[in-house]
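K.L.:
Sequence isn't available, so here's the structure alone:
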Ligand SMILES: [Zn+2]
């Protein structure tokens, strides 16, 4: 099992953390796994969201207690590891994951 990336947290990770930068003008976006904090347990994911500061908008940089610790522009998104596991088992990893992520990104205003 993968462990949560937060220092001293011994819990099992439940979420993969993504850094998303969205360009509303043309619908383009940049996405990568957050290198500064790739995995979070449910508790730390909730805390990370609760304490997030900034506007959840395209081309904005949010500030989070655990994720995006480098000077990078973007918003944190999470995909549950259970979902990833399920999609891999169903052999739909590419389209399934992509659609899931796209739906999340489209919610960013
Ligand atoms: Zn944790």
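P.N.:
Looks like it came in fine. Note that this is a predicted model, so its numbers are computed, not measured.
K.L.:
just the helices in this structure please.
P.N.:
42-50, 81-89, 93-106 (DSSP state H).
K.L.:
Go through these and pick out the most buried.
P.N.:
Mean neighbour count (mean count of other CB atoms under 10 Å) peaks for helix 42-50 among these, with a mean of 16. Glycine gets a C-beta too; all of them are placed from N, C-alpha and C.
K.L.:
For that one, the averaged confidence score.
P.N.:
With pLDDT averaged residue by residue, helix 42-50 scores 97.
K.L.:
Determine how far that helix lies from the middle of the whole chain.
P.N.:
Computed by CA atoms, centre = their mean, to the nearest Å, the separation of helix 42-50 from the middle of its chain amounts to 12 Å.
K.L.:
if you look at that helix, does any of it touch the ion?
P.N.:
Yes - using CB under 5 Å from the ion, we find that helix 42-50 touches the ion at residue 44.
K.L.:
Would you mind pulling the contact partners of that helix?
P.N.:
Counting by CB atoms under 8 Å, 6 or more residues apart in numbering, helix 42-50 makes contact with 4, 6, 9, 11, 14-15, 40, 64-67, 76, 78, all of which sit outside it.
K.L.:
which bits of the protein sit near the ion?
P.N.:
For the chain, the residues in contact with the ion under the definition CB under 5 Å from the ion are 4, 6, 9, 11, 41, 44.
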